[in-house]
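S.K.: need a 3D model of the sequence below.
(4 chains)
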There are 2 protein chains.
Amino acid sequence: MLQDMGEVTSDQVAPDTMAEKADEDSIALAGAVYGLLASLLRRAPRDISLTSLATLSTLDRTGTKRITELAAIEGVTQPSMTTLVASLERQGLVERRGDPGDRRVSLVSLTEAGREYMLRRRRAGTEAFATLVAQLPAAEAAALAAAIPALDRLRDLDNALRDATIRARA
Amino acid sequence: MLQDMGEVTSDQVAPDTMAEKADEDSIALAGAVYGLLASLLRRAPRDISLTSLATLSTLDRTGTKRITELAAIEGVTQPSMTTLVASLERQGLVERRGDPGDRRVSLVSLTEAGREYMLRRRRAGTEAFATLVAQLPAAEAAALAAAIPALDRLRDLDNALRDATIRARA
DNA sequence: TTAGTTACATAGAGGGTCAATGCATCAGGG
DNA sequence: CCCTGATGCATTGACCCTCTATGTAACTAA
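M.R.: Sure, this is the predicted structure:
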C-alpha cells in the first residue's frame, strides 16, 4: 500500500460529480492515515525492528511456529527470518527446538523473557497511546473508537491483498 | 510512540472499573493502528525510502527548505538528510542552490520531475487506498471518514511530542 | 582579528533486507 | 534398499538507510 500511496492531501483535486465525493473521502482518509503512520514511524523502535516486534507478537499470540511459517506471516524472505530469529535468540527472547518428526524443521517459541518483554512493551505502549488519545476532544475520541472495526478490517484487507500478491508471484 | 507500543490486543486485560473502560478503548485502538501500520508497512516502498517520500512531500507542500530544516522536520539527523538529499539529487527529483545571503546554506527544492513523481505517486496511492476502502461495509467506511479529524489531530499531537522530545535533548 | 557558533559534508560502523546458493533431510518410485 | 526431486533452513555477498563522530567553510560578535 504505502509504496503506492505517497502523501495524499485533500486539496489536490476538485471533485465535481457525485461519484467523486467518495473519492474525496478516500483521499482525505489516505492522507490522514498516511500522515499518522509516518508520524508514528518517525519515532519508531530503535532497540528492536518492527518486523522483530511483529514476530514476537505473532509467537505470543499463536505459540510455536517454524521459520518458514514466520517468514510468510511477517512478509519477509526466509533468509531474513533466519537472521532475525538468530538475533532474537541471542537476546534471549526466543528459543529454537528441533522438530522430532522432521529434523529439517526448527521450531521457534517465546522464552519467559520474551513474554515479559512483550508484556512490558504492551503496557508502556498502551499508556503512551492512551496519553495521546486522552488529549483528544471527547467527540474525536469517540469517533476514533467507533472506527476501530474499520481499521481492523482495513488491515485484514491489506493482508489479504499481500497474500494474493505473493501467491500470484509463485 | 511505536517504540513503546508493542502489539496491543484487547484480550490482554480484564477491566473492572469505569475508568478502565477508556483504557480498554485505547488498547484496542493502539492495537488497530499498530496492526494496520505493520500491514501497510510490509508492502512499503522499495524504490525510495519512507523518509525520502516524506521529504519530497514536505518540499512539495511548503517549497524550498534548507538541509538542517528538512532534517528536523523529518526527524532524522543532519548527516542523514545530507545523504538523502544527495541521493534525491542524483535521481533528479530535487535540486540544490546556494543561499546568496549565507554561503554555508544549501537550499533544496523540488524539480519538475520531482513534482511529477509526487503527482503520479499520489494518484496511484489514492487509487489503491480507495480500492481498499471501497471494500469496507458502508457503515465502517462512514465511521472511518468520521474519524479523519481525530486521525489528523493524533498525528499533530504525536508530532508535537516528538518536537518536545528533540528540544528536551538539546 | 580572534573565538565561538552554525551549516553542511565525510568517514566508519551497525542493522535490516534481499537474491543466490549450499547442505541436510524427507518422500516416493524403481 | 536406494536414487531423485522437493523441502526447510543456513550462509554468503551485496545494497540501502541510519547513526555518531568529526572535519571544513562561513558567519558573528567582542
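
S.K.: can you list the helices and strands that the longest strand along chain A packs against?
M.R.: Ranked by residue count under DSSP state E, the longest strand found in chain A is strand A:102-110. Applying 3 or more CB pairs under 8 Å, 6 or more residues apart in numbering or on different chains; DSSP states H and E, one finds that strand A:102-110 makes contact with helix A:50-62, strand A:65-66, helix A:67-74, strand A:94-99. Glycine gets a C-beta too; all of them are placed from N, C-alpha and C.

S.K.: hmm, the helix or strand encompassing A:Thr126 touching chain B?
M.R.: If you go by DSSP states H and E, A:Thr126 is part of helix A:112-134. Yes - Helix A:112-134 reaches chain B (CB under 8 Å from any CB of the partner chain) through A:118, A:121-122, A:124-130, A:132-134.

S.K.: in that helix, which residues are buried?
M.R.: A:114, A:117-118, A:121-123, A:125-130, A:132-133 (16 or more other CB atoms under 10 Å in any protein chain shown).

S.K.: check contacts around A:Glu95.
M.R.: A:89, A:108-109, A:111 (CB atoms under 8 Å, 6 or more residues apart in numbering or on different chains).

S.K.: go again with 6 Å.
M.R.: A:Thr111 (CB atoms under 6 Å, 6 or more residues apart in numbering or on different chains).

S.K.: tell me the phi and psi of the closest residue to A:Tyr117 other than its chain neighbours?
M.R.: Computed as CB to CB, 6 or more residues apart in numbering or on different chains, the closest residue to A:Tyr117 that is not its neighbour in sequence is A:Leu93, at 5.7 Å. Note on A:Leu93: its backbone torsions stand at phi -90, psi -30 [degrees, to the nearest 10].

S.K.: pLDDT value on A:Leu93, please?
M.R.: With respect to pLDDT, A:Leu93 scores 95.

S.K.: same check on A:Ser26?
M.R.: Reading off the model, A:Ser26 has pLDDT 72.

S.K.: per-residue pLDDT, the closest residue to it other than its chain neighbours?
M.R.: Closest residue in space to A:Ser26, ignoring its immediate chain neighbours: B:Ala130 at 3.7 Å, by CB to CB, 6+ apart. For B:Ala130, the pLDDT comes out at 81.

S.K.: ditto for A:Ala19
M.R.: 52.

S.K.: so where is chain A shaky, pLDDT-wise?
M.R.: A:1-24, A:38, A:42-46, A:162-170 (pLDDT under 70).

S.K.: close to DNA strand D: what parts of it are there?
M.R.: Residues of chain A found near DNA strand D (CB under 7 Å from any atom of the strand) are A:66-69, A:78-79, A:82-83, A:85-86, A:96, A:102, A:104-107.

S.K.: what's the farthest-apart pair in those residues?
M.R.: Of all pairs drawn from these, the one with the longest distance (CB to CB) is A:Thr83 and A:Asp102, at 22.0 Å.

S.K.: any idea how far the residue nearest the centre of chain A is from A:Val76?
M.R.: The residue lying closest to the centre of chain A (CA atoms, centre = their mean) is A:Ala54, at 6.3 Å. Using CB to CB, to the nearest Å, A:Ala54 is found at 10 Å from A:Val76.

S.K.: now swap in A:Ala28 and tell me
M.R.: Taken as CB to CB, the span from A:Ala28 to A:Val76 is 32 Å.

S.K.: what about A:Gly92, which helix or strand?
M.R.: Counting by DSSP H and E, A:Gly92 is found in no helix or strand.

S.K.: which ones are touching it?
M.R.: A:Ala113.

S.K.: what do you get for A:Leu93?
M.R.: So A:Leu93 contacts A:113-114, A:117 (CB under 6 Å, 6+ apart).

S.K.: got a markdown table for those residues, with distance to DNA strand C too?
M.R.: Putting those into a markdown table (distance: CB to the nearest atom of the strand, whole Å) gives the following:
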| residue | distance to DNA strand C |
| --- | --- |
| A:Ala113 | 17 |
| A:Gly114 | 15 |
| A:Tyr117 | 14 |
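
S.K.: and which of those residues is nearest A:Leu41?
M.R.: When those are compared against A:Leu41 (criterion: CB to CB), the nearest one is A:Tyr117, at 21.0 Å.

S.K.: tell me if stretch A:155-162 is near chain B.
M.R.: Yes - against chain B, stretch A:155-162 shows contacts by CB under 6 Å from any CB of the partner chain at A:155, A:157-159, A:162.

S.K.: returning to that earlier point: quick one, the very next helix or strand once past the helix holding A:Thr126 and helix A:112-134 angle?
M.R.: Next along the chain after helix A:112-134, taking DSSP H and E as the criterion, comes helix A:138-146. Relative orientation of helix A:138-146 and helix A:112-134, computed by axes from the mean of the first three to the mean of the last three CA atoms, to 10 degrees: 140 degrees.

S.K.: so which other helices or strands are in contact with helix A:138-146?
M.R.: Where contact means 3 or more CB pairs under 6 Å, 6 or more residues apart in numbering or on different chains; DSSP states H and E, helix A:138-146 is packed against helix B:148-169.
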